[in-house]
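# here is my input, please return the structure:
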Amino acid sequence: MEPDEVAAAFDELQAAGKVRHFGVSNCNPMQIELLKKAVKQPLVANQLQFAVTHTGMIDGGIHVNMTDDRSVDHDGSILEYSQLHDMTIQAWSPFQYGFFEGVFIDNPKFPKLNAKLQELADKYHTNSSAIAAAWLIRVPGTQVIAGTTNAKRIANIAEGGDITLSRQEWYDVYFAAGNDLP
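Coordinates of the predicted model:
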């Protein structure tokens, strides 16, 4: 990126009244710091791929000081950076696994995860999508980008905003998705 060009574009968009709040997408902490050097506007959000099946920014923190694959921090501690700098993480592809390989909800490739999502959906009188969204929202400073225009699906996902999973439930979903502790 060319930070000065981005700053000029931000200034133009703000002056025209087209943008009230500014953020980034898929940036690590050093990229954000580089951009912050040039722009006047606060950066309030970072859109990142994040789902119970895409947990790299969590795994690095859980596997700190280990030598397994999950201990590698590919994201520059973006989760902690975002929390320290009051940047909202906007989770895109919150129901996808891999890089657009498909949706994990009701997918036979994820029997343990779907069983746990359904168990919690039954407990909270809701649906699996709401539980998957609640799992993300339980991470401080995270919002879910639904990624759909289907009104019924939006309503199902939005139910997750009314659910606060316990820490144990959050970890139960995390483990059911195939994630682990060192």
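
# just the C-alphas of the helix or strand of the chain with the lowest mean pLDDT, formatted as CSV.
One helix or strand of the chain scores below all others by mean pLDDT, DSSP states H and E: helix 56-62, with a mean of 89. Only the C-alpha atoms of helix 56-62 are listed here, as CSV (Å, rounded to 0.1, in the frame of the first residue of the first chain):
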residue,chain,number,x,y,z
GLY,A,56,-5.2,-18.8,13.8
MET,A,57,-5.4,-15.6,15.7
ILE,A,58,-6.5,-17.5,18.8
ASP,A,59,-4.3,-20.6,18.4
GLY,A,60,-1.1,-18.6,18.5
GLY,A,61,-2.0,-17.3,21.9
ILE,A,62,-3.1,-20.7,23.3
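
# show me what stretch 167-178 is in contact with.
With CB atoms under 8 Å, 6 or more residues apart in numbering as the contact definition, stretch 167-178 has outside contacts at 52-53, 55, 58, 104, 110, 112-113, 115-117, 120, 131-132, 135, 138, 165. Heads up, the C-betas are built off the backbone N, CA and C, glycines and all.

# show me which residues of that stretch are buried.
For stretch 167-178, burial by neighbour count (16 or more other CB atoms under 10 Å) applies to Glu169, Trp170, Asp172, Val173, Tyr174, Ala176, Ala177.

# just how off-centre is it within its chain?
16 Å (CA atoms, centre = their mean, to the nearest Å).

# ditto for stretch 67-78
Mean-position distance between stretch 67-78 and its chain equals 16 Å (CA atoms, centre = their mean).

# with stretch 55-75 instead?
Centre to centre, stretch against its chain (CA atoms, centre = their mean), the figure for stretch 55-75 is 16 Å.

# on that earlier part again, inside helices: which ones of the buried residues of stretch 167-178?
Using DSSP state H, Glu169, Trp170, Asp172, Val173, Tyr174, Ala176 are the members of the buried residues of stretch 167-178 that sit in helices.

# what sits closest to the fourth one if chain neighbours are left out?
The shortest distance from Val173 to any residue other than its chain neighbours is 5.0 Å, reached at Trp135 (CB to CB, 6 or more residues apart in numbering).

# contacting residues around the helix or strand where that neighbour lies?
Using DSSP states H and E, Trp135 sits in helix 128-137. Applying CB under 8 Å, 6+ apart, the set of residues contacting helix 128-137 from outside is 50-52, 91, 94-95, 104-106, 114, 117-118, 120-121, 124, 142-144, 153, 156-161, 163-165, 170, 173-174.

# what helices or strands is the following helix or strand past that helix leaning on?
Next helix or strand after helix 128-137 toward the C-terminus (DSSP H and E): strand 142-144. Packing contacts for strand 142-144, counted by 3 or more CB pairs under 8 Å, 6 or more residues apart in numbering; DSSP states H and E, involve strand 88-92, helix 128-137.
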